[in-house]
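> Structure of the sequence below:
(2 chains)
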Number of protein chains: 2
Amino acid sequence: MTDTRIHPVILCGGSGTRLWPASTPARPKPFLPLLGESSLFQQTLARTADPALFAPPLVVAGGAHVGLIEERWGAGEADARIAVEPAARNTAPAIALAAALLPAEAVMLVCPSDHHIADQVAFRAATIRAAGLAREGWLVAFGITPDRAETGYGYLKRGTPLGEGAWRIDQFVEKPDQARAEAFLADGQYDWNGGLFAFTAGAFMAELGRQRPEMAALVAEAVAAGQQKGALFHPAPAPFAAITGESVDYAVMEGAGHAAMVPAAMGWSDIGSWRALHEARGSDAAGNYVAGRADLADSRNVMVDSDGPRVSVVGLDNVIVVVRGGEVLVTSAEGAQAVGRLPGARGE
Amino acid sequence: MTDTRIHPVILCGGSGTRLWPASTPARPKPFLPLLGESSLFQQTLARTADPALFAPPLVVAGGAHVGLIEERWGAGEADARIAVEPAARNTAPAIALAAALLPAEAVMLVCPSDHHIADQVAFRAATIRAAGLAREGWLVAFGITPDRAETGYGYLKRGTPLGEGAWRIDQFVEKPDQARAEAFLADGQYDWNGGLFAFTAGAFMAELGRQRPEMAALVAEAVAAGQQKGALFHPAPAPFAAITGESVDYAVMEGAGHAAMVPAAMGWSDIGSWRALHEARGSDAAGNYVAGRADLADSRNVMVDSDGPRVSVVGLDNVIVVVRGGEVLVTSAEGAQAVGRLPGARGE
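Numbering: from 1, shown residues only, chains lettered A, B, ... in the order given. Predicted coordinates:
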């Protein structure tokens, strides 16, 4: 009997400087308990833990994070594996590495490890729909139903319907300006590209070989000369490091002949900034959210997050205060997207 | 030859909760280096240090602050004295205590110890004018030339002129509402009551005896039974504690027969809030001022004051951030006047 389970491929990459000072190179965003007591990585594992639907996860991560990952394995991850990237080369090589380690017919569910999904039922429904299309040979992107004119994401334009709850992708649209983002929202045919994908390992490798033959060859070489050590697979460093890094969107999805999208209204957030985290965490009646010790007076739409020192706030609106490891960040909600450019976030 | 020098009487009272978390009961506002490297108290001493014009200072302070004062004596304070209040009873008893320790003909210059005066030449000119009137028997208040419609101060209304640069006081006006404050500013005949006064000890005691005979008697009793120990004078605790506390404005100045005012445009600030401190400290071209480690991005009219931790600020306007002793305060400029009501400022 064929294994019809879905193979979660969990990507632990990225520097996460936009959530500095909580996120640091030694302790990046996926491993922080930002929402509840478990980390976003642990929540990603939990979301794909049902053995009736999912095979054990395959995590793709840099060597610096293997310790953080192994600390967080639960009992359910006894058969989990980690593919250790010898160098950071963006998402296309990371996914190709996973695909090369799976059987060609395996349905991969590619999940970033640092996103938040509030509605697990909607996630599961979209996953099952996407997996069905993947088995038919489609390369499937999850389309996040937009709720605002966001300029920070790429968009997927819906094309021909593929039955209930699925469309061909007519076009991948790069991050738009404000006017275009507003037009997309009004149009209703544009969804956010949330970075979640489903395809079989074989379909992905075939498209990669067609569109990026050099990358496919280097990945194959790195895997062939790689070493399995317990749960860890180490590709050969030299060929992997020789790869030119590219995103999966650019290297594979945009040029794929059979690209589909499955819309998903599942309370998704990439927690891409402190403002996004405030939104995902919720608020009291005044719009405020506090983690740690804080006294708020005459303030609205304020988030305070402190690892110790008391934070006293007076007369603020739309401000975020974070105290972490002796660093103090105070940003407007609008300014939160620029946090990654601060000297502190750059390690200076 | 009569000693015509002016006797500085420096009042070290008040809890200073509005500058929390810098100001605390153990280290109140007069003793903090808020403007430059020396404290407001030291700057007050320096302002009245010229031996050609001033006698050695007489400081009136609570016992808890004697150590802080003695730490800050300079070489010029060899003959300085401290009258130690057995209990805090507001400004009228504090000034009466000083008056009882000075010869009746001594001209007293009453100075709060926690105000900032930027223009020393203007201060000196106003002091000399006020001292001249004091020698004629007037009780003189300094009228601070207003530069905004401030609702946080009392006002002095000018009456009949008393020659160049002096007026009878027509009326003491309590803190006005916004509309009245604006009318006062437009009128031009109203100055702020800055809490600086000049009078002879005898004239003050005569008015106190006439208007508040019980307070005058208790002060006289406390001084008669008091003890001099080196530079410290300790009034008898029981009679001093029995005094009903009142401000000098209310107990003496408002009802005085010969109340005069000398206007002084001398860059005065009572540093009554973090906002006032930001104004006194000045700003760069963007309106920002930083003390300690801070990185500011896309921010205007921001003051950061940290005793250690780096503060990173993004996208703020009119906000003050203070880090002191493990407490973090973030307030709008407008909210700064409410800082004293925070739990932290109340010692909770």
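> C-alpha from now on. contacts and neighbour counts both.
Noted.
> what's the spatially closest residue to A:Ala286 that is not a sequence neighbour in contact with, if anything?
Excluding the flanking residues, the one nearest A:Ala286 by CA to CA, 6 or more residues apart in numbering or on different chains is A:Arg300, at 5.2 Å. Going by CA atoms under 8 Å, 6 or more residues apart in numbering or on different chains, A:Arg300 touches A:286-288, A:316-318.
> Backbone dihedrals for A:Arg300, both of them.
For A:Arg300, the backbone dihedrals are phi -140, psi 150 (criterion: degrees, to the nearest 10).
> if I look at it, how far off is A:Ala338?
22 Å (CA to CA, to the nearest Å).
> for A:Val248, same thing?
In terms of CA to CA, A:Val248 sits 25 Å off from A:Ala338.
> just A:Ala265 next, same as before
A:Ala265 is 27 Å from A:Ala338, by CA to CA.
> Dump the contacts of A:Arg300 into CSV; add pLDDT, neighbour count and secondary structure as well.
Formatted as CSV, those follow (pLDDT from 0 to 100; neighbours: other CA atoms under 10 Å in any protein chain shown; DSSP: H, G, I helix; E, B strand; the rest coil):
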residue, pLDDT, neighbour count, secondary structure
A:Ala286, 97, 12, coil
A:Gly287, 97, 16, coil
A:Asn288, 98, 20, coil
A:Leu316, 98, 23, coil
A:Asp317, 98, 18, strand
A:Asn318, 98, 17, strand
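> Among the residues you listed, which one sits closest to A:Ser39?
A:Asn288 (22.1 Å; CA to CA).
> That closest one against A:Ala297, yeah?
No - look at A:Asn288 against A:Ala297 with CA atoms under 8 Å: they stay out of range, at 10.8 Å.
> Where does pLDDT dip in chain A?
A:1-2, A:14-15, A:74-77 (pLDDT under 70).
> Break it down into its domains, please.
A:6-269, A:280-341 (automatic domain parsing).
> In a markdown table, list the ones you listed along with distance to B:Phe197.
Listed next are these as a markdown table, based on distance: least, CA to CA, whole Å:
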| stretch | distance to B:Phe197 |
| --- | --- |
| domain A:6-269 | 51 |
| domain A:280-341 | 35 |
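> Quick one: closest of the ones you listed to B:Gln227.
Across the domains of chain A, closest to B:Gln227 is domain A:280-341 (CA to CA), at 44.1 Å.
> what about that closest one, how long is it end to end?
Taking CA to CA as the criterion, the two ends of domain A:280-341 lie 23 Å apart.
> who in chain A is up against chain B?
Residues of chain A lying close to chain B (CA under 8 Å from any CA of the partner chain) are A:295, A:297, A:309-316, A:326-332, A:334-336, A:338-339, A:342-344.
> and if we set it to 7 Å?
A:309-316, A:326-332, A:335 (CA under 7 Å from any CA of the partner chain).
> what two of those have the greatest distance between them?
Counting by CA to CA, the most remote pair of the residues of chain A next to chain B is A:Gly315 and A:Gly326, 24.2 Å apart.
> Those two - which one has more neighbours?
Per other CA atoms under 10 Å in any protein chain shown, whichever of A:Gly315 and A:Gly326 has more neighbours is A:Gly315, with 20 against 15.
> ok, now which ones touch the more buried one?
Neighbour list for A:Gly315: A:297-299, B:331-332, B:335 [criterion: CA atoms under 7 Å, 6 or more residues apart in numbering or on different chains].
> List just the nearest of the residues you listed to A:Thr17.
B:Thr331 (25.9 Å).
> Would you enumerate the residues in contact with that closest one?
Contacts of B:Thr331 (CA under 7 Å, 6+ apart): A:313-316, B:319-321.
> mind checking which helix or strand it is in?
strand B:327-332 (DSSP states H and E).
> ok, that strand: who's next to it in the sheet?
strand A:310-314 (parallel), strand B:319-324 (antiparallel) (DSSP bridges).
> and the angle for the shortest one with strand A:317-324?
So the one you mean is strand A:310-314. 170 degrees (axes from the mean of the first three to the mean of the last three CA atoms, to 10 degrees).
> Other residues contacting strand A:310-314?
Counting by CA under 7 Å, 6+ apart, A:293-299, B:327-332, B:335 sit against strand A:310-314.
> what would the residues you listed look like in CSV with distance to B:Thr160?
Output for those, formatted as CSV (distance: CA to CA, whole Å):
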residue, distance to B:Thr160
A:Arg293, 57
A:Ala294, 54
A:Asp295, 51
A:Leu296, 49
A:Ala297, 46
A:Asp298, 45
A:Ser299, 48
B:Glu327, 51
B:Val328, 50
B:Leu329, 47
B:Val330, 47
B:Thr331, 43
B:Ser332, 42
B:Gly335, 39
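> Buried only: go through those for me.
Neighbour-count burial (16 or more other CA atoms under 10 Å in any protein chain shown) applied to the contacts of strand A:310-314 gives A:294-297, A:299, B:327-332, B:335.
> Which pair of those spans the longest distance?
A:Ser299 and B:Glu327 (18.2 Å).
> got the contact list for the closest residue to chain B within the stretch 1-150 of chain A?
Chain B sits closest to A:Pro21 of the stretch 1-150 of chain A, with a gap of 9.6 Å, by CA to the nearest CA. Neighbouring residues of A:Pro21 by CA under 7 Å, 6+ apart: A:324, A:327, A:345.
> longest helix anywhere in chain A?
If you go by DSSP state H, chain A has its longest helix at helix A:120-135.
> I'd like to know which elements the helix or strand following that helix is packed against.
Later in the chain than helix A:120-135, the nearest helix or strand by DSSP H and E is strand A:139-144. Packed against strand A:139-144 by the contact rule (3 or more CA pairs under 7 Å, 6 or more residues apart in numbering or on different chains; DSSP states H and E) you find strand A:190-200, strand A:259-264.
> Name the strands paired with the last one and say parallel or antiparallel.
For strand A:259-264, the paired strands and their directions (DSSP bridges) read strand A:139-144 (parallel), strand A:167-173 (antiparallel).
> one step back: please produce CSV containing the helices and strands packed on strand A:139-144, extended by mean neighbour count.
Output for the helices and strands packed on strand A:139-144, formatted as CSV (neighbours: other CA atoms under 10 Å in any protein chain shown):
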stretch, mean neighbour count
strand A:190-200, 25
strand A:259-264, 27
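> With distance to B:Phe204 as extra columns, can I get those in CSV?
Converted to CSV, the helices and strands packed on strand A:139-144 look like this (distance: least, CA to CA, whole Å):
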stretch, distance to B:Phe204
strand A:190-200, 78
strand A:259-264, 81
